[in-house]
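Asker: Here is my input, please return the structure:
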Amino acid sequence: MDRFDLKPTFKTPRILFDPDNDIFEISGRSLPEDVAETYEPVLEWIDENFGKINNRIEIVFKMDYLNSASAKMIAILLNKIENFYKTGLNILITWHYDEDDEDFLSEIENFSSFTKIPFKLIPLEKRR
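Answerer: Numbering: from 1, shown residues only. As a prediction, this is how the structure comes out:
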């Protein structure tokens, strides 16, 4: 199965979905000029590949910033993934967050409240 690998930029996240190595990670910041250009390919990859995966999928988010357009795309992405979860696919969302950023934590909790996919929230240790 092909892997999906979007290299990060200052305005776009790293998105790596590598089923052969059980890596499903979205990290960095997301404030692209064109959110569809950034996220449509990953949504298509999910449609084409998630149904072929038999083992557990842990999707790891390590994002430190989302603009509002990106937040909408993440909601669409989670909705699409939830459709696979409802078919019996074993999926877990793990979201690492800065424990000092209460606004971002609230946004993550909002995402988790709109999906049936199990969410595990992991606070990042304070940097010293």
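
Asker: Now tell me what touches the lengthiest strand in the chain from outside.
Answerer: As assigned by DSSP state E, the longest strand anywhere in the chain is strand 57-66. Residues outside strand 57-66 that contact it (Cβ atoms under 8 Å, 6 or more residues apart in numbering): 13, 22, 24-31, 50, 74, 81, 89-96, 98, 101, 104, 107-108. For the C-beta atoms, the positions are set from N, CA and C on the backbone; glycine is no exception.

Asker: what is the mean pLDDT for that strand?
Answerer: In this model, strand 57-66 has a mean pLDDT of 94.

Asker: Now tell me what touches the host helix or strand of E40 from outside.
Answerer: If you go by DSSP states H and E, E40 is part of helix 35-49. Helix 35-49 has contacts (Cβ under 8 Å, 6+ apart) with 1-2, 4, 6, 12-13, 15, 17, 19, 30, 32, 69-70, 72-73, 76-77, 80-81, 84.

Asker: Run the chain-centre distance for the helix ranked longest in the chain.
Answerer: Scanning the chain for the helix with the most residues, using DSSP state H, yields helix 68-86. Relative to its chain's centre, helix 68-86 lies at 8 Å (Cα atoms, centre = their mean, to the nearest Å).
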